[in-house]
Structures are given as C-alpha cells and as structure tokens.
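Student: Generate a structure from the sequence data that follows.
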Amino acid sequence: MNDSTPTSDSEPAIRVLTRGVTAEELAAVTAVIDAAVDEELAELHDDVRADPSAWERSQRSLRGPLHPDAGAWRSFSA
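Tutor: Below you'll find the model as predicted:
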C-alpha cells in the first residue's frame, strides 16, 4: 500500500498539507490530477496493439546475407 491509497473509508484519497487551502483550490487541484490520471490511462490503453492483420502476418523477414567460405557452396549436397 502506498501513501495515496486510503487505509479506511473515512480517510481521504488526497491529503493536503498546506494550510489555508480553500475548497475551490482543492477542487481545482483534484480536477487537474484526475485529468492527468485519465490521460495517462488512455495512453496506456492506446499502446496495446490489436492482433496483427493478415498483411502483417504474411510478411517474412529478409534473409540474412550469404557468406561463402572455401568449399561452402559444395557442402550442402549429401
């Protein structure tokens, strides 16, 4: 459990340590934090890719370069 996780139903999720914060200021800070969390969650969900399309599945990687050695061209025949 971290500091932002409430430990009981009566404890608030956000604890303000600054004195003299008005309800409007607290509401504004809460709205900004809420929007930032929502934006981050949306970005995380957007990064999840769907299954590859038929076009993507049909693509094969390029063959690596051939490096002939002495007698290498004749060695594959049994």
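Student: okay, residue 31: pLDDT?
Tutor: As summarised for this prediction, residue 31 has a pLDDT of 94.
Student: number of nearby residues for residue 33?
Tutor: Residue crowding around residue 33 was assessed by other CB atoms under 10 Å; the count is 13. For every residue, glycine as well, the C-beta is placed using N, CA and C.
Student: How about the one 3 residues further on?
Tutor: The local packing count at residue 36 equals 10, with neighbours defined by other CB under 10 Å.
Student: so it is in which element?
Tutor: Counting by DSSP states H and E, the element that carries residue 36 is helix 23-46.
Student: where does this protein have its least confident helix or strand?
Tutor: Confidence across the helices and strands of the chain bottoms out at helix 54-58, with a mean of 78, counting by mean pLDDT, DSSP states H and E.
Student: hang on, the earlier thing: centre of the chain to the helix holding residue 36, how far?
Tutor: In terms of CA atoms, centre = their mean, to the nearest Å, the gap separating the centre of helix 23-46 from the centre of its chain is 17 Å.
Student: and residue 38, what does it touch?
Tutor: By CB atoms under 8 Å, 6 or more residues apart in numbering, no residues touch residue 38.
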